[in-house]
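[1] Below is the sequence, then the predicted model.
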Amino acid sequence: MDVIASNSDLDAKEALVAATSFITNTIRTLIYNPKTPNVGHASDNDDKLNQISLSEVSLHDLPDDCWIIIYDRVYDVTNFLDNHVGGFDIIMEYAGRDSTVAFAGHSNLALSLLKQYEIGILPPHERIYRYPGTLKISSSLPE
């Protein structure tokens, strides 16, 4: 007896394979990429920064008041928007929220330039990348 799979069965299988592949590749990139920041490592400098919640950051999503989060640090990039080489719009896409994934791939110079816009860090319970006592993957996370 021949069994013919329906289109919906094939679509579901293709979607599952694509999702599994994406997740696997993302994890591999995070774990094995030497440029991946110091995921999970809390810096000594973290205690000195003002803690700013995700809900507070979300209130700053306008061109004249633009905050973003990169590697659990909060940056007020309002005065940088017009100077961004990639354009104003790309930063505004992430205004008021985490832009770490979009920031990945930027140079170490770009990472160091962020320091002047740093205004705080997420509270420990809201952090993804800098959580004390978890695995330290790389030493390149900005201090």
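    Cool, the structure landed. These numbers were taken from a predicted model, which means no experiment stands behind them. Numbering: from 1, shown residues only.
[2] any low-confidence regions in the protein?
    Residues of the chain meeting the criterion pLDDT under 70: 1-10, 21, 24-45, 131-143.
[3] quick one, strands of it?
    For the chain, the strands defined by DSSP state E cover 61-62, 65-70, 73-76, 118-121.
[4] which residues sit against the second one?
    Okay, so that is strand 65-70. Identification of contacts with strand 65-70 by Cβ atoms under 8 Å, 6 or more residues apart in numbering yields 52, 54, 57, 60-61, 74-78, 81, 91-92, 94-100, 103, 114, 119, 122. For glycine as for every other residue, the C-beta is placed from the backbone atoms N, C-alpha and C.
[5] Over to the last one?
    Counting contacts by Cβ under 8 Å, 6+ apart, the residues outside strand 118-121 that touch it are 46, 49-52, 67, 72-76, 127, 130.
[6] Drop anything exposed from these.
    Among the contacts of strand 118-121, those scoring as buried are Asp46, Leu49, Ile52, Trp67, Asp72, Arg73, Val74, Tyr75, Asp76, Arg127, Arg130 (criterion: 16 or more other Cβ atoms under 10 Å).
[7] Which single one of those is nearest to Gly86?
    Closest approach to Gly86 among the buried ones among the contacts of strand 118-121 (Cβ to Cβ): Tyr75, at 15.4 Å.
[8] beta partners for that closest one?
    Note on Tyr75: beta-bridge partners by DSSP bridges are Ile68, Glu118.
[9] For the remainder of this discussion, apply numbering that starts at 47.
    All set: I'll call the first residue 47, so the last point we hit is now Tyr121.
[10] doesn't Leu159 make contact with it?
    No. Tyr121 is beyond contact range of Leu159, at 10.3 Å (criterion: Cβ atoms under 8 Å).
[11] if I pick Asp107, what's in contact with it?
    Taking Cβ under 8 Å, 6+ apart as the test, what Asp107 contacts is Trp113, Ala141, Gly142, Arg143.
[12] Please convert the strands of the chain to JSON lines, extending it with distance to Ala61.
    Converted to JSON lines, those look like this (distance: least, Cβ to Cβ, whole Å):
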{"stretch": "strand 107-108", "distance to Ala61": "32"}
{"stretch": "strand 111-116", "distance to Ala61": "30"}
{"stretch": "strand 119-122", "distance to Ala61": "35"}
{"stretch": "strand 164-167", "distance to Ala61": "37"}
